[in-house]
Structure formats: C-alpha cells, structure tokens
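Undergrad: Build me a model from this:
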Amino acid sequence: MQVKDRAMLIKRIQLSFIHMAVAMTLVPINSTLNRVMIKELALSATLVAILAALPYLFAPIQVAIGSYADQHPVFGYHRSPYIFLGLLLNVAGLAIAPSVVFIMPRNFLLGLFLSLIVFVAWGLGYNFAAVSYLSLASEISGEKGRSKTIAVMFFLMIIGMIFTSAGLSRLLAPYSPETLQHAFLLIALIALIFGLIGLIKLEPHQAQPSSRSSKAERIPWSQIYREVSQSSQAKYFFFYLTVLLAAILGQDILLEPFGAEAFHLPVHATTLITSIWGTSFLVSLGITSFVDRWLSKKRIAQISSYIALAGFILITISGVFENLSIFYSGVIVLGFGTGSSTISNLSLMLDMTTEKVGMFIGAWGVANALSRFIGTMMSGVIRDIATQIINNSVYGYIVVFILEAGMLAVSLVLLQKISVKKFQKEAREISFSDKAALLE
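TA: Model prediction:
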C-alpha cells in the first residue's frame with residue numbers, strides 16, 4: 001500500500017469514528033430510553049415520539065450550519081470546531097437524558113421542560129456534527145474517493161450501533177434507574193473518546209471548503225422543492241421514498257416498548273433488539289451489493305419492500321399469538337428488508353440521476369428527514385389512539401405495524417409508476433433550462 005493510500009485509509013477510519021460516535025449516542029437515547037419512558041415510566045407514546053422526532057425537525061438548519069462554517073473558520077478550521085460542538089451536545093444530551101426524564105413522574109412539567117431542552121440539544125448536536133463531518137468527508141476524499149469514504153463510514157457506523165446495543169444490554173442486567181444512568185454515562189464517555197480520536201489531525205489547518213461535492217449537499221430545501229416539483233418522475237420518486245422510509249423507519253421508537261408490553265422482556269433483553277436488527281441490516285448490504293449484478297435496482301427495491309412487509313406481518317402475528325420466536329424472526333426479516341431497501345433505492349436514485357446529482361442527493365436527504373419525522377410522530381400518535389379505543393396496549397402497537405405494512409404496499413404501487421428513462425429525460429430537460437440558475 002502506497003503512503004498516500006495509507007494516509008487516506010487513516011482519514012477514512014477517523015471520519016468513521018466520528019460518524020460512529022454520533023450513532024453510538026443515538027442508540028440509547030432513541031431506543032432504550034424510549035422503551036423506559038413508555039413502559040417503565042408509563043409516559044405517552046405521543047410525547048416520546050415528539051421528543052424523538054426533534055432532530056429531524058431541525059434537519060433544515062444543516063444548510064445554514066454548513067454555509068456558516070464555510071465562511072467562519074475557528075482558529076483556521078472550517079469543520080472540526082463544529083463537529084466538536086455537535087459531538088459535545090450529543091454526548092451531553094445522552095449523559096443527562098435519563099436524569100431529566102425520571103423527573104417527569106414526580107414533577108411532569110419540570111421534567112418535560114428539561115427533557116425538551118436535552119432532546120433539543122441532542123438534535124442540534126446531531127445536525128451540527130452530521131453536516132460538518134459529511135462536508136469534511138467530501139473535501140478530504142474528493143469526488144472520486146467520496147463513495148469509498150461514505151461506504152467505510154456507513155459500515156463502521158452499523159458496527160458501532162451493533163456493539164453499542166450489545167454492550168448496553170450487558171450493562172442493564174439487572175435494570176434499575178441507577179444502572180441506566182451509569183450505562184448512559186459510560187456510552188457517552190466511549191463515544192466522546194472515539195469522536196476525539198477521529199478529530200486528531202483530521203482536518204488540515206486553513207482548509208478551504210471549496211469542494212463542489214460538499215456544497216451540493218447543502219442546497220436549500222426550498223430550491224430542492226422547486227426543482228423536484230418540475231419533474232413528474234421526481235415527484236413520484238420523492239413521494240415514494242417518503243412513504244417507504246416512513247413505513248420502515250417509523251417503527252424505531254416502538255419495537256423495544258412492544259417487546260416489553262407483548263412479551264414482558266426486561267430492559268436488557270429489548271436493548272438487544274437493535275443489535276439483532278443491525279446485524280441483519282449489515283448482512284443485507286453485502287448480499288444486495290452481490291445480487292445487483294443480475295437484477296435491476298428497481299427489481300431489488302421491489303423485493304426489499306416485500307421482505308420488509310413480511311417482517312411487519314411476522315411482528316404483527318407474534319403479538320397476536322404472543323410468540324417470542326416469531327417476533328425475533330420478524331425483527332431479523334425487517335432488518336434485512338430495511339438494509340436492502342436502503343441501498344437499492346439509493347442506487348436506483350443515482351442510476352436515474354444523470355443530471356443534477358447534488359440536487360437529487362439533497363432530495364434524498366429531505367425525504368429521509370421528512371419520513372423519519374412523519375413515521376416517528378405517526379407511530380406514537382396512532383399507538384396511543386388505538387390503545388385508547390381498543391383498550392389493549394399490545395393491539396395498539398399491532399395497529400401501527402399493520403398501518404406501516406399498508407404504507408409499504410402503497411410504496412410498491414408508487415414504485416411501479418417510476419421509470420428510469422423518463423426520469424433521466426425530465427432531468428435533462430430541467431437542467432438545460434435552469435443551468436444559469438444552478439451556477440449562482
């Protein structure tokens with residue numbers, strides 16, 4: 001391996017450590033804490049959904065953060081200070097979160113106020129860190145090396161989530177509020193260490209954020225909407241992505257509480273669900289990358305949706321018959337379908353996007369954030385409403401899973417209307433008419 005290649009590999013691993021550190025703070029706060037709030041503290045799933053959705057509500061500010069960092073270096077660095085600030089907010093939010101949510105049963109208004117502050121801080125930290133390290137990844141890697149860098153970052157992020165979930169499960173056996181706080185503090189400390197290792201000598205001093213690829217990801221959402229609305233195929237694809245991702249990602253806040261309600265699993269057992277899901281997700285990435293030599297991206301996307309749909313059906317059946325083995329099978333199948341769907345749809349979008357790559361990558365980001373927000377809020381609200389109407393908490397979850405399965409079925413219908421050739425033709429037509437505007 002040449003010196004230059006070795007140096008680039010080190011940079012990619014460092015960037016991956018930062019990405020992994022942020023993801024490590026997400027697992028406890030978005031999965032384990034959700035379960036504790038809904039099951040142990042008996043808080044409304046709607047309230048939990050509102051707190052969990054805050055990071056995605058703040059997603060549009062990434063454009064402003066990235067643009068501000070371009071023009072305002074700190075001590076000669078354009079990215080590292082903002083990554084560090086975001087990481088600190090993530091770590092602090094994770095460390096403090098258990099303490100503030102445990103106030104709500106004793107003093108609801110005070111606990112809610114403090115919880116909002118903590119979750120807002122975590123959400124802001126996530127957006128500060130994400131746009132900054134992705135911009136830095138583009139600037140360090142260049143256009144040709146960017147895909148390899150993102151692949152390494154994504155792979156190590158999933159690995160980090162799997163080990164975080166497994167480690168957290170061991171720390172929470174047996175569960176108590178004190179062990180939860182201790183576990184969150186330990187994960188926060190480990191995440192901080194990984195993040196700091198990633199930042200050491202990563203960004204060159206006086207780095208110039210002139211890479212086109214980094215700026216392409218920071219196109220204002222209003223401009224993305226205008227561009228997407230001019231193409232019927234782009235509108236179909238955007239709507240399809242939003243429905244699909246809201247369905248397969250909206251269950252994030254409910255799987256662990258469902259395991260607790262339906263099967264009376266302790267906290268350490270439900271925490272392992274993320275590890276099982278993540279392992280299946282990771283395996284599906286490798287298989288999908290291998291299979292796409294023989295099948296079209298659209299066909300793989302269809303098969304992936306059917307697999308995810310089967311996962312929801314299995315999870316629903318497990319609740320009806322109170323069968324834990326079927327539940328775990330459903331989690332594995334859902335994780336596989338989610339991983340395969342993510343990579344196949346991203347590949348499908350890149351295949352279709354022969355013009356304005358940055359614009360449509362930006363649209364993917366908008367669809368991802370919007371769908372996570374919609375899916376999270378929908379899951380919490382529908383679960384609470386269904387539970388009140390049916391007077392059965394387990395069936396409240398089942399109603400949500402059935403709804404999400406229905407949304408997957410709708411996404412399959414929408415996918416049928418998407419044509420790669422029509423998409424490319426419309427994209428070319430837009431690009432010729434708007435070329436001058438895009439250069440501004």
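Undergrad: what's the helix or strand harbouring residue 389 packed up against?
TA: Using DSSP states H and E, residue 389 falls within helix 357-390. For helix 357-390, the packing partners by 3 or more CB pairs under 8 Å, 6 or more residues apart in numbering; DSSP states H and E come out as helix 45-57, helix 212-216, helix 221-229, helix 232-249, helix 324-352, helix 393-416. In this view, the C-beta of every residue, glycine as well, is placed from N, C-alpha and C.
Undergrad: Output those in CSV, with distance to residue 38, mean neighbour count and mean pLDDT appended to each entry.
TA: As requested, those are arranged in CSV below (distance: least, CB to CB, whole Å; neighbours: other CB atoms under 10 Å; pLDDT from 0 to 100):
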stretch, distance to residue 38, mean neighbour count, mean pLDDT
helix 45-57, 5, 22, 91
helix 212-216, 39, 18, 48
helix 221-229, 31, 16, 69
helix 232-249, 18, 22, 85
helix 324-352, 17, 21, 87
helix 393-416, 9, 20, 94
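Undergrad: which stretch among those helices comes nearest residue 271?
TA: Closest approach to residue 271 among the helices and strands packed on helix 357-390 (CB to CB): helix 324-352, 12.8 Å.
Undergrad: now the helix or strand harbouring residue 97 and helix 45-57, what's the angle there?
TA: Here residue 97 sits within helix 80-101, counting by DSSP H and E. Calculated by axes from the mean of the first three to the mean of the last three CA atoms, to 10 degrees, helix 80-101 forms an angle of 170 degrees with helix 45-57.
Undergrad: And residue 254, its phi and psi?
TA: For residue 254, the backbone dihedrals are phi -110, psi -20 (criterion: degrees, to the nearest 10).
Undergrad: residues touching it, list them.
TA: 34, 45, 379, 380, 383, 397, 400, 401 (CB atoms under 8 Å, 6 or more residues apart in numbering).
Undergrad: quick one: it and residue 314, what's the gap?
TA: 15 Å (CB to CB, to the nearest Å).
Undergrad: ditto for residue 399
TA: 16 Å.
Undergrad: again with residue 22
TA: Distance from residue 22 to residue 314, by CB to CB: 31 Å.
Undergrad: between the two, which one's more packed in?
TA: Between residue 22 and residue 314, counted using other CB atoms under 10 Å, the more crowded position is residue 22 (25 against 21).
Undergrad: wouldn't the more buried one be in contact with residue 126 here?
TA: Yes - Residue 22 is in contact with residue 126 according to CB atoms under 8 Å; the separation is 6.4 Å.
Undergrad: Could you name every residue contacting both of the two?
TA: Listed as contacting both residue 22 and residue 126 by CB under 8 Å, 6+ apart are 86, 90.
Undergrad: Show me where the chain dips below the pLDDT cut-off.
TA: The chain contains residues with pLDDT under 70 at 1, 3, 143-144, 147, 206-221, 224-225, 227-231, 350-365, 420-440.
Undergrad: now the longest helix belonging to it against helix 80-101, angle please.
TA: Longest helix of the chain, by residue count under DSSP state H: helix 108-171. Angle, helix 108-171 to helix 80-101, by the same axes, to 10 degrees: 100 degrees.
Undergrad: Check which helices and strands helix 108-171 sits against.
TA: Here helix 108-171 touches helix 3-27, helix 45-57, helix 61-71, helix 80-101, helix 177-199, helix 212-216, helix 267-291, going by 3+ CB pairs under 8 Å, 6+ apart.
Undergrad: Columns distance to residue 308 on top of the ones you listed, output as CSV?
TA: Output for the helices and strands packed on helix 108-171, formatted as CSV (distance: least, CB to CB, whole Å):
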stretch, distance to residue 308
helix 3-27, 21
helix 45-57, 20
helix 61-71, 27
helix 80-101, 28
helix 177-199, 28
helix 212-216, 30
helix 267-291, 10
